[in-house]
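S.K.: Below: sequence and its predicted model.
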Amino acid sequence: MAERSRSGRTLAYILVGLGAFLIVAALLLPTYSVNKLGKTPLDLEITTVATTPDEGGEVLVASSLTSATGSATVDKGVPMVSQRFLTVEEPSDADKMTIQAGTTLRRTDKQGDTGLLTASVDRVTVDRKTGMPVDDPIGSIQVDGTRPADEVSHTGLQYRFPFDTEQKSYPYFDINSRETHDIDFVEETEINGTTVYHFRQKLDPVDLSKVVPSATNKLTLPAAKWGVPGGEAPVTMTRWYSNERDVWVEPVTGVIVKGEEKPYQFYARSGDKPEVTVLQADLTFDENTVESQLQKANDGKDLLSLFGRILPIVFGILGIIALVVGIVIGVRRGRGDDEPAYTNGPSSPSGSAGNAPPSGQAWDQTEEINVNQDDLRKQ
């Protein structure tokens, strides 16, 4: 009986300890998941592809500006594709990561270098949780392969939104204008069954000659070459840039599931009066990119849900059950140890068998035996 009682108490201790451990784990696991899993992974490697619709866009034929005859020519109905390859570089650590994004824009109706319209390499170090730049080190942008990259301080979101994105405006950085403007929340909607937040940013025309000191951003040519009145009179025009940007963000992970841009570059003497189109396009993530981004978002969301909600609930329930069972077993064993084990004791002086002695007393078996021997002599 004593051995069984000890084993029961041991089981009770084990269950109570296990229950307490599981309850503590249930309370701490959500915090752990937010701190450890709620960060952009360091093995990030993403390729996104955006294309123009069937009607294509408009592109200035650069050679027409330098030809001996004729005015500037703009091709229409041009199919284009923008491709971006994003990787994580050093310096990166537990709190920050350096993103490098190489982006090209091509017209697909021409081959090789003749089809390349723009190319850039962007580097920015961001906080792994919020996605905001930390300027440690300062970012850089390279738009000309023959020149070193320019140091540029990035001051807004670009390639992802914060974990637990909210329905509000965020600062968003544009690498062409090198400026940050708000990108505003538009609506909550769905893409292929996944809830996303739709944001929109509209950029007014920016004088690119004040952004990058490139010869092509400010040109002086005869009026006839520009296709405006004035014959051979020199006319100086500036290259301007505007854009309308839409992004659809999975709010739990901050992954940009879908993106659409409408870049517009033109030459003009005033930003509010476009005169010669340089580039006009409507670029939208293709179906494969959207599906790939959705998969990344859902994988991240499932992982956060597993460690932040499902496992804590399971651990909490199991912990409570183990704790209650352990306490019940312990209480029962404790009561069993207090009960006296007198089942077949000697007969009392009155002759009744199995009666327990009064509390705090024990039968004096020696005295009982002596009494019985005296009775035998008298007989």
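M.R.: Sure thing, it's come through. Here the structure is a predicted model, which means the values were calculated and not measured.

S.K.: C-alpha from now on. contacts and neighbour counts both.
M.R.: Will do.

S.K.: residue ranges for the strands of the stretch 1-150 of the chain, please.
M.R.: Ranges of strands within the stretch 1-150 of the chain are 45-51, 57-61, 73-78, 80-89, 96-107, 116-127, 140-142, 150-151, based on DSSP state E, counting those that start in this stretch.

S.K.: So which elements touch the second one?
M.R.: Yep, that's strand 57-61 we're talking about. Using 3 or more Cα pairs under 8 Å, 6 or more residues apart in numbering; DSSP states H and E, the elements in contact with strand 57-61 are strand 73-78, strand 276-280.

S.K.: likewise the first one?
M.R.: Here strand 45-51 is seen to pack against strand 80-89, strand 283-285, helix 287-305 when contacts are counted using 3+ Cα pairs under 8 Å, 6+ apart.

S.K.: between these, which one is nearest to Pro30?
M.R.: Ranking those by their distance to Pro30 (criterion: Cα to Cα) puts helix 287-305 first, at 8.7 Å.

S.K.: How far does the closest one sit from its chain's centre?
M.R.: How far helix 287-305 lies from its chain's middle: 10 Å, per Cα atoms, centre = their mean, to the nearest Å.

S.K.: How about stretch 152-170?
M.R.: Per Cα atoms, centre = their mean, the centroid offset for stretch 152-170 relative to its chain is 12 Å.

S.K.: between the helices and strands packed on strand 45-51, which one is nearest to Ala224?
M.R.: strand 80-89 (28.9 Å).

S.K.: CA-only coordinates of that closest one in PDB, if you can.
M.R.: Provided in PDB are the C-alpha atoms of strand 80-89 (Å, rounded to 0.1, in the frame of the first residue of the first chain):
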ATOM      1  CA  MET A  80       6.900  45.700 -72.500                       C
ATOM      2  CA  VAL A  81       8.000  43.600 -69.600                       C
ATOM      3  CA  SER A  82       9.500  44.800 -66.300                       C
ATOM      4  CA  GLN A  83      11.500  42.200 -64.400                       C
ATOM      5  CA  ARG A  84      12.900  42.600 -60.900                       C
ATOM      6  CA  PHE A  85      15.200  40.200 -59.100                       C
ATOM      7  CA  LEU A  86      15.500  40.800 -55.300                       C
ATOM      8  CA  THR A  87      18.100  39.200 -53.000                       C
ATOM      9  CA  VAL A  88      19.400  39.800 -49.400                       C
ATOM     10  CA  GLU A  89      22.900  41.000 -49.100                       C
END
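
S.K.: Show me which residues of it are buried.
M.R.: Using 16 or more other Cα atoms under 10 Å as the test for burial, strand 80-89 gives 80-84, 86-89.

S.K.: so what's the residue nearest to Ala322 when sequence neighbours are not counted up against?
M.R.: Distance criterion Cα to Cα, 6 or more residues apart in numbering; nearest residue to Ala322, sequence neighbours excluded, is Gly19 at 4.7 Å. Gly19 is in contact with 318-323, counting by Cα atoms under 8 Å, 6 or more residues apart in numbering.

S.K.: measure Gly19 to Val331 for me?
M.R.: Distance of Gly19 to Val331, computed by Cα to Cα, to the nearest Å: 16 Å.

S.K.: Kindly check the end-to-end length of stretch 262-279 for me.
M.R.: 10 Å.

S.K.: in that stretch, what counts as buried?
M.R.: Buried residues in stretch 262-279, counted by 16+ other Cα under 10 Å: 262-268, 271, 274-279.

S.K.: Could you do stretch 25-33 as well?
M.R.: 25-26, 29-30, 33.

S.K.: Which ones among those map onto helices?
M.R.: If you go by DSSP state H, the buried residues of stretch 25-33 have 25-26, 29-30 in helices.

S.K.: now these in CSV, with pLDDT and distance to Ala215?
M.R.: Formatted as CSV, these follow (pLDDT from 0 to 100; distance: Cα to Cα, whole Å):
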residue, pLDDT, distance to Ala215
Ala25, 81, 63
Ala26, 75, 62
Leu29, 73, 57
Pro30, 76, 55
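
S.K.: Looking at those residues, spot the one nearest Lys110.
M.R.: Distances from Lys110 to those, taken by Cα to Cα, are shortest for Pro30, at 53.0 Å.

S.K.: hang on, that closest one packs against Ser305?
M.R.: No - if you go by Cα atoms under 8 Å, Pro30 and Ser305 don't touch, sitting 9.2 Å apart.

S.K.: For the stretch 251-379 of the chain, just list every one of the helices.
M.R.: 287-305, 311-338, 365-378 (DSSP state H, counting those that start in this stretch).

S.K.: quick one: average pLDDT of the last one?
M.R.: Computed over helix 365-378, the mean pLDDT rounds to 46.

S.K.: ditto for the longest one
M.R.: The predicted model gives helix 311-338 an average pLDDT of 79.

S.K.: Just want the angle from that helix to helix 287-305.
M.R.: 20 degrees (axes from the mean of the first three to the mean of the last three Cα atoms, to 10 degrees).

S.K.: Quick one: distance of helix 311-338 to the chain centre.
M.R.: Using Cα atoms, centre = their mean, the mean C-alpha position of helix 311-338 is found 39 Å from that of the whole chain.

S.K.: which residues sit in contact with Phe129?
M.R.: You called it Phe, but residue 129 is Lys. 38-40, 95, 162-163.

S.K.: Check Val331 too.
M.R.: Val331 neighbours (Cα under 8 Å, 6+ apart): none.
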